[in-house]
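Enquirer: got a sequence here, can you build the structure:
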Amino acid sequence: MRALTWHGTHDVRVDTVADPEIVNPRDAIIKVTSTAICGSDLHLYDGVIPAMKPGDILGHEFMGEVVETGSGSTLEKGQRVVVPFTISCGGCFHCHIAQYSACENSNPVPKQDMTETLYGHPMAGIFGYSHLTGGYSGGQAEYVRVPFSDVGPIVVPDHLDDDTVLFLSDILPTGWMAAENAEIQPDDTVAVWGCGPVGLFAIQSALAMGAARVIAIDHYPQRLALARSLGAETVDFRHTDVREALMEMSGGIGCDAVIDAVGMEAHGFAIDNMIDIAKQKVGVGADRASALKQAILAVRPGGRVSIPGVYGGMTDKFPLGALMEKGLQIRTGQTHVQRYLEPLLQKIEEGALDTTFLISHRLPLEEAAHGYKCFKERQDSWTKVVLKPGMDAHPTAAG
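Expert: This is a model prediction of the structure:
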């Protein structure tokens, strides 16, 4: 089969690789019909996530048709399914309490030491996201093996096309959980750092949950325009002092809740961020947390901080004093995707949530390397790229 493989920083290639096989009775094989490039994939592309190996198959946002099942799978051949990016066993302590992204059994034992040493506990398995998370082959491929297929995938009705439901795999539930973690109240003013895919869905979700005002912070004009189209007010951090603007917009109190949808590769010209960028470039690994630092300083005392943005290591000059003295609440973590699949699918069917506005480009799988380059370098106009295995037309922008 054909699949997108990682070969080093800014070096991804579509190669011919072995077809996946059933290795466990609970497995299923999916023929991928749509797969997206995620902002988190750019961390792999930029080489800031360790434990990648040449030839690793990328991709954790995908859906497709079931073509083969193990004896323990609950799926049936021919069903269309969306697959969560988190791999969860369904039987451990954390799965039983719906903390699926903390699954104890999905990361193979030989690989658990990598993250147990770093984080105190091993991470759960994730598709296509380094050997820290199990080394599973991802879904930017023609076919993919889905472990624990009786727990993860959701069957989607035929009247909903791929574009409408694909983002149930990751970014829609991630944006929803980000807003949920911010504990939105009806009178809240909420600030969201980052108008990428997760940030835009967090904006949409916060408004759907009843936030009075949502303020979006970014510097790309098109992304800020998308935020405004959802009902957000906007701040361009390249032209405005963000904290001053938020204090003025909130009547001098500060935002009730803040959401960091940026993560470890924040932009910005603050001196500490420039130092973190330099450290990442030379491989000493500090996360660039300028957006999170800014959010902690901007939220009001007693406010809530939600962190869906991905962080992987350490950060310098963290405002721990502000966090403690202001009495802030923080909630974060990889998304418990399986918890949200059914309710969000229902909201999509009811028309309460739209997902298709985000797609800017659809490309054949064979053009995936081009898609990564453009998604990295043209984030203002390439807001979301969907790859279509089997598509033989030239890359096209979404209508």
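
Enquirer: I'd say residue 245 and residue 235 touch.
Expert: Yes - the pair residue 245 / residue 235 is scored as a contact, 5.0 Å apart, by Cβ atoms under 8 Å. Backbone N, C-alpha and C define where each C-beta goes, glycine included.

Enquirer: these two: which is more packed in?
Expert: For the pair residue 245 and residue 235, the greater number of neighbours falls to residue 235 (22 against 19), based on other Cβ atoms under 10 Å.

Enquirer: contacting residues for the closest residue in space to residue 26 that isn't next to it in sequence?
Expert: Residue nearest to residue 26 in three dimensions, not counting chain neighbours: residue 72, with 4.1 Å by Cβ to Cβ, 6 or more residues apart in numbering. Applying Cβ atoms under 8 Å, 6 or more residues apart in numbering, we find residue 72 in contact with 24-26, 150.

Enquirer: again, only this time at 7 Å
Expert: 25-26, 150 (Cβ atoms under 7 Å, 6 or more residues apart in numbering).

Enquirer: what number of residues lie near residue 236?
Expert: Number of residues near residue 236 (other Cβ under 10 Å) recorded here: 15.

Enquirer: I meant to write residue 288 there.
Expert: Using other Cβ under 10 Å, residue 288 has 26 neighbouring residues.

Enquirer: and it, what are its bridge partners?
Expert: In this entry, residue 288 is beta-bridged to residue 265, by DSSP bridges.

Enquirer: that one and residue 151: what is the separation?
Expert: Using Cβ to Cβ, to the nearest Å, we find residue 288 at a distance of 34 Å from residue 151.

Enquirer: secondary structure element holding residue 247?
Expert: Assigned by DSSP states H and E, residue 247 belongs to helix 242-249.

Enquirer: that helix - contacts with which helices or strands?
Expert: Counting contacts by 3 or more Cβ pairs under 7 Å, 6 or more residues apart in numbering; DSSP states H and E, helix 242-249 is packed against strand 213-218, helix 290-298.

Enquirer: so for the very next helix or strand once past the first one, what gets flagged as buried?
Expert: By that I understand strand 213-218. Using DSSP H and E, the helix or strand that directly follows strand 213-218 along the chain is helix 221-230. Going by neighbour count (16 or more other Cβ atoms under 10 Å), the buried part of helix 221-230 is 222-224, 226-227, 230.

Enquirer: closest to residue 192 among those residues?
Expert: residue 227 (7.8 Å; Cβ to Cβ).

Enquirer: I'd assumed residue 216 was in contact with the closest one.
Expert: Yes - contact criterion Cβ atoms under 7 Å: residue 227 and residue 216 qualify, at 3.7 Å.

Enquirer: what's the closest of the buried residues of helix 221-230 to residue 374?
Expert: residue 222 (13.5 Å).

Enquirer: give me the secondary structure label for the nearest residue to the closest one once chain neighbours are set aside.
Expert: Excluding its sequence neighbours, the residue lying closest to residue 222 (Cβ to Cβ, 6+ apart) is residue 380, at 4.6 Å. What DSSP: H, G, I helix; E, B strand; the rest coil gives for residue 380 is coil.

Enquirer: show me the contacts for residue 380.
Expert: Residue 380 makes contact with 220-223, according to Cβ under 7 Å, 6+ apart.

Enquirer: quick one, phi/psi of it?
Expert: The phi and psi values for residue 380, taken as degrees, to the nearest 10, are phi -70, psi -40.

Enquirer: what about the strands in the stretch 101-250 of the chain?
Expert: 125-126, 143-146, 154-155, 189-193, 213-218, 233-236 (DSSP state E, counting those that start in this stretch).

Enquirer: so which of those strands gets nearest residue 386?
Expert: strand 143-146 (15.9 Å).

Enquirer: return the distance of the closest one from the chain's centre.
Expert: Relative to its parent chain, strand 143-146 has a centroid offset of 20 Å by Cα atoms, centre = their mean, to the nearest Å.

Enquirer: re earlier: and for the next helix or strand after the helix holding residue 247, what's in contact with it?
Expert: Using DSSP H and E, the next helix or strand after helix 242-249 towards the C-terminus is strand 255-260. The contact list for strand 255-260 (Cβ under 7 Å, 6+ apart) reads 178, 182-185, 188-193, 202, 246, 291-292, 295, 298-300, 303-309.

Enquirer: if you set the cut-off to 6 Å instead, what comes out?
Expert: Residues outside strand 255-260 that contact it (Cβ atoms under 6 Å, 6 or more residues apart in numbering) are 178, 182, 188-193, 202, 246, 291-292, 295, 298-299, 303-307, 309.

Enquirer: also stretch 330-347?
Expert: Under the contact criterion Cβ under 6 Å, 6+ apart, stretch 330-347 has outside partners 84, 86, 98-101, 154, 168, 172-174, 176-177, 181, 305-307, 353.

Enquirer: okay, helices next: where are they in the stretch 251-399 of the chain?
Expert: Taking DSSP state H, counting those that start in this stretch, the helices of the stretch 251-399 of the chain run over residues 271-282, 290-298, 320-325, 337-350, 368-377.
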